[in-house]
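[1] starting from these lines, generate the structure:
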Amino acid sequence: MNLYIMSMLLFSMSLGTMITVSSSHWFMAWMGLELNTLAIIPLLSKTHHPRATEATTKYFLTQSVASALLLFATMLNASYTGEWTIINMQTPIPTIMLMIALMIKLAVAPFHLWLTDMIQGLNLMECLIVLTWQKLAPMALLIQTSPEMNPTLITSLGVLSMLIGGWGGLNQPHLRKIMAFSSIAHLGWMIIVMPYLPSLTMLNLLVYLLLTTSIFLMMMTLLMNNMNKMASSWMKNLPLFSMMTIMLMSLGGLPPMSGFIPKWMILEELVKQNMMSLATLAITSTLLSLFFYLRLSYVTSLTTSPSPLNSKLMWRLKLNPNLFTASIIIMSTMLLPILPSTMDLM
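    Predicted coordinates for the structure are as follows:
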């Protein structure tokens, strides 16, 4: 793809997200979502491969249905209340329709099947964009409208996402699908605490963005997209490969890494709300996700893949991570000491 076209599409995608996040009018928010969707469609289909075309088509159809449902819900709410402001969702039926539309865009269970199907047809950079940047605009709208939504329904969807995200990644050999199910599970953690303390949802989203970005940057640097290539990546860049195990443990939420912060704070908030059964269920679902993170860590650290090469290192490849990758990795593992300052900012 031409560099100027690529820069224009990336600018349009970023502009659409910024318009949605900063708007207080439903029509402007919908316009930002549409601009974002129309800009990312050429980026997803630029490889001219049948699987990329199929993934782009699935993404386009799903996002179009969600955008149409969102616009219909806001129009219905405007006909009842006479206002288009985002924080004025007071009628039950449009509120439920709006929540379903945002859940489809976020790929929250049970509206998650499109994400796990399409993610396999994209390259790693496109997967990174879909799993990180594309979550910002719908999550911003969901946080703004969460006080008007039914907390029991939101909590039920969050618990279902955590369970499906944990079960779905158990037997997956492809890293992209594992990261997709990891995204579904993390979204479940964000959603269960949203009706009670939205600042914790934003903290969880920030940590999730850091962890997912660092994992994908390491995968792109080490040129791996399945478990077999992951097991043989120790010959490419051994220090970066060693950090992969620590990053996976951080993604699973083990202390003292950064991934432990949001889970710890969310469980504390659930206990304060006298929701002990929900906290217990959240911990149980975390064990499912932790199992496939440990499975990946076992492949990276405790097994040696058979190699036909005589050389121990692939000296022909220059796979040196840049400064941005190193900075993201450090933040993804060492944020726990500055937790009090982070909570004061939130």
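
[2] show the subsequent helix or strand relative to the host helix or strand of Met162.
    Using DSSP states H and E, Met162 falls within helix 151-168. Next along the chain after helix 151-168, taking DSSP H and E as the criterion, comes helix 175-192.

[3] just checking, what packs against whichever helix or strand comes after that following helix?
    Later in the chain than helix 175-192, the nearest helix or strand by DSSP H and E is helix 198-222. Where contact means 3 or more C-beta pairs under 8 Å, 6 or more residues apart in numbering; DSSP states H and E, helix 198-222 is packed against helix 124-131, helix 136-145, helix 175-192, helix 238-252, helix 260-272, helix 323-333. In short, each C-beta sits where N, CA and C put it, glycine included.

[4] quick one: contacts of the fifth one?
    With C-beta atoms under 8 Å, 6 or more residues apart in numbering as the contact definition, helix 260-272 has outside contacts at 189, 192-193, 196-197, 200, 203-204, 207-208, 250, 253-255, 276, 278-279, 282-283, 286, 335-336, 339, 342-343.

[5] now the next helix or strand after that helix against helix 175-192, angle please.
    Downstream of helix 260-272, the next assigned helix or strand under DSSP H and E is helix 276-301. Per axes from the mean of the first three to the mean of the last three C-alpha atoms, to 10 degrees, the angle that helix 276-301 makes with helix 175-192 is 160 degrees.

[6] enumerate the positions of helix 276-301 that are buried.
    Across helix 276-301, burial judged by 16 or more other C-beta atoms under 10 Å covers 278-279, 281-282, 285-286, 288-290, 292-293, 295-297, 299-300.

[7] just the residues you listed: which has the poorest pLDDT?
    Lowest pLDDT of these: Thr300, 74.

[8] surely it meets Lys229?
    No: counting by C-beta atoms under 8 Å, Thr300 stays clear of Lys229, with 11.2 Å between them.

[9] longest single helix anywhere in this structure?
    helix 50-81 (DSSP state H).

[10] quick one: distance of the next helix or strand after that helix to the chain centre.
    Using DSSP H and E, the next helix or strand after helix 50-81 towards the C-terminus is helix 92-106. Centroid separation for helix 92-106 versus its chain: 19 Å, with C-alpha atoms, centre = their mean, to the nearest Å.

[11] likewise stretch 116-132?
    10 Å.

[12] measure it end to end?
    End-to-end distance of stretch 116-132 (C-alpha to C-alpha, to the nearest Å): 15 Å.

[13] give me the mean pLDDT for that stretch.
    For stretch 116-132, mean pLDDT rounds to 91.

[14] buried residues in stretch 10-19?
    Ser12, Met13, Gly16, Thr17, Ile19.
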